[in-house]
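Asker: I need the structure of the sequence given here:
(2 chains)
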Amino acid sequence: DAKTTQPPSMDCAEGRAANLPCNHSTISGNEYVYWYRQIHSQGPQYIIHGLKNNETNEMASLIITEDRKSSTLILPHATLRDTAVYYCIVRVASVDSNYQLIWGAGTKLIIKP
Amino acid sequence: DTAVSQTPKYLVTQMGNDKSIKCEQNLGHDTMYWYKQDSKKFLKIMFSYNNKELIINETVPNRFSPKSPDKAHLNLHINSLELGDSAVYFCASSNRDRGYGYTFGSGTRLTVV
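Answerer: Next up, the predicted model:
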């Protein structure tokens, strides 16, 4: 089972910041938080990941709370092309699991003009 | 220059047939994966290969067999196809220890009739 919970859907106006929340209250100390998105009919696309500190790249920012039990993905200026399902995933790191990612249902983000 | 390429993109076949899906990556990654995405859109890992060794097999029926002729290829062969095998199958690759995330192919939509 996925170790994260996300709202099933969200709307955001084009040009505004989209803030996608994720709860991962059972995360352990060596587990990373990954974000991916899947645009309709395409393969999932890596966005960003982090352990403790906030992270930023050309696509998004990741804000992780101090207790690491939740995080927020921020798309600073959402465009229509950002409409997709966004997955928040905790990376299971063990020899047996080989760092497999366990996927939940994600958040369907709809950017409106 | 497609990073992870899968063929075919669409596959329609009858029950009982045997089929293969091919996957190639040109990223120099050391691990490749097969995922299945069902009608409810959940992504579930099926297999991964690292240095030609199978390191994950998540209770997948033995009708499914991954074949990796080299580090850049991981093909999926399916025997005796069943209606329930209809899904989108995604190939992905990563460098296991670098934590940079997976790169996915565009998917193969398999329909068994």
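
Asker: From here on, just use CA atoms for contacts and neighbour counts.
Answerer: Will do.

Asker: Quick check: which ranges of chain A have low pLDDT?
Answerer: A:1-2, A:92-100 (pLDDT under 70).

Asker: For chain B, what's its nearest residue on it.
Answerer: Nearest residue of chain A to chain B, counting by CA to the nearest CA: residue A:43, 4.6 Å away.

Asker: I'd say that residue and residue B:105 touch.
Answerer: Yes - Residue A:43 sits in contact with residue B:105 when judged by CA atoms under 8 Å, with a separation of 5.6 Å.

Asker: ok, those two, which is more surrounded?
Answerer: Using other CA atoms under 10 Å in any protein chain shown, the more surrounded residue of residue A:43 and residue B:105 is residue B:105, with 26 against 21.

Asker: quick one: the strands in the chain?
Answerer: The chain I'm using is chain A. When assigned using DSSP state E, the strands of chain A occupy the ranges A:9-13, A:18-23, A:33-38, A:45-50, A:55-56, A:61-64, A:70-75, A:84-90, A:107-112.

Asker: I was after chain B.
Answerer: Per DSSP E, chain B has strands spanning B:4-7, B:10-13, B:19-25, B:31-37, B:43-50, B:53-57, B:64-70, B:73-78, B:87-94, B:103-104, B:108-112. These are given in chain order.

Asker: among the helices and strands of chain B, which one scores worst on average pLDDT?
Answerer: Across the helices and strands of chain B, mean pLDDT, DSSP states H and E gives its lowest value to strand B:53-57, namely a mean of 74.

Asker: List the neighbouring strands of it plus their orientation.
Answerer: The strands that strand B:53-57 pairs with in its sheet are strand B:43-50 (antiparallel) (by DSSP bridges).

Asker: So what's the gap between the partner strand and the chain middle?
Answerer: On the basis of CA atoms, centre = their mean, to the nearest Å, strand B:43-50 is displaced by 7 Å from the centre of the chain it belongs to.

Asker: Between residue A:43 and residue B:105, which contacts overlap?
Answerer: Shared contacts of residue A:43 and residue B:105, defined by CA atoms under 8 Å, 6 or more residues apart in numbering or on different chains, comprise residue B:90.

Asker: show me the contacts for the closest residue to residue A:56 other than its chain neighbours.
Answerer: Distances taken as CA to CA, 6 or more residues apart in numbering or on different chains put residue A:62 closest to residue A:56, at 6.3 Å, once the chain neighbours are dropped. Applying CA under 8 Å, 6+ apart, we find residue A:62 in contact with A:48, A:49, A:50, A:54, A:55, A:56, A:71, A:72, A:73, A:74.

Asker: Repeat the analysis, applying 6 Å as the threshold.
Answerer: A:54, A:55, A:72, A:73 (CA atoms under 6 Å, 6 or more residues apart in numbering or on different chains).

Asker: Let me have those in CSV, adding neighbour count and distance to residue B:38 as columns.
Answerer: Putting these into CSV (neighbours: other CA atoms under 10 Å in any protein chain shown; distance: CA to CA, whole Å) gives the following:
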residue, neighbour count, distance to residue B:38
A:54, 15, 33
A:55, 15, 32
A:72, 19, 27
A:73, 24, 26
